[in-house]
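Trainee: I would like to see how this sequence folds:
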Amino acid sequence: QVQLVESGGASVQAGDSLRLSCAVSERPSNYYYAVAWFRQTPGKEREFVAVLAWNDRYYADSIKGRFTISKDNDKNTVYLQMNVLKPEDTADYYCAATPLLSNYYGYLRATSYGYWGQGTQVTVSS
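Mentor: Now for the predicted structure:
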C-alpha cells in the first residue's frame, strides 16, 4: 500500500515560486512506481501536470518550462517546483502513484493512478 501526503500549498502572487512536496511511503519511482502531480479546480476534471517515471519526466504543455518535478530518494519525497506562477495555476494539487506503465499516454490519465494524496491548495493572485 502506497501512501502519499502533499504539503507546501500556499497563497502567493503572480510571478512567485512555490515548491510542493509529496511524501511517499515507499521509495518513489526508483523501482516500481511512477509519481505524478495533477491539479483540479471546482467543476473541472483533474488535469495532468507532471510525472516522474523511473528517470523519465513528462510535463503538461501548460506548465512546461515553469514547473519541474524531482525526487529525493533519501527522503522518499517527490517535489514539484513551480516558478513564474500565474493566476490560472490556482488549483488543488494532488500527487498520485501508479506502477510503471508501458504506455506514456497512460500517465496522462487520472484513472491510471490507484494511489492519491489528500491534496494541497495553491492560490495565485494577480
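
Trainee: residues in contact with the residue nearest in space to the middle of the chain?
Mentor: Nearest to the geometric centre of the chain sits residue 37, at 1.8 Å (Cα atoms, centre = their mean). The neighbours of residue 37, taking Cβ atoms under 8 Å, 6 or more residues apart in numbering as the test, are 20, 22, 49-51, 69, 78, 80, 93-96. From N, CA and C alone the C-beta is placed, and that goes for glycine too.

Trainee: you'd agree residue 14 is up against residue 125?
Mentor: Yes. Under the criterion of Cβ atoms under 8 Å, residue 14 is in contact with residue 125, at a separation of 6.7 Å.

Trainee: Quick check: neighbours shared by those two?
Mentor: Common neighbours of residue 14 and residue 125 (Cβ under 8 Å, 6+ apart) are residue 87.

Trainee: quick one: low-confidence ranges for this structure?
Mentor: 26-31 (pLDDT under 70).
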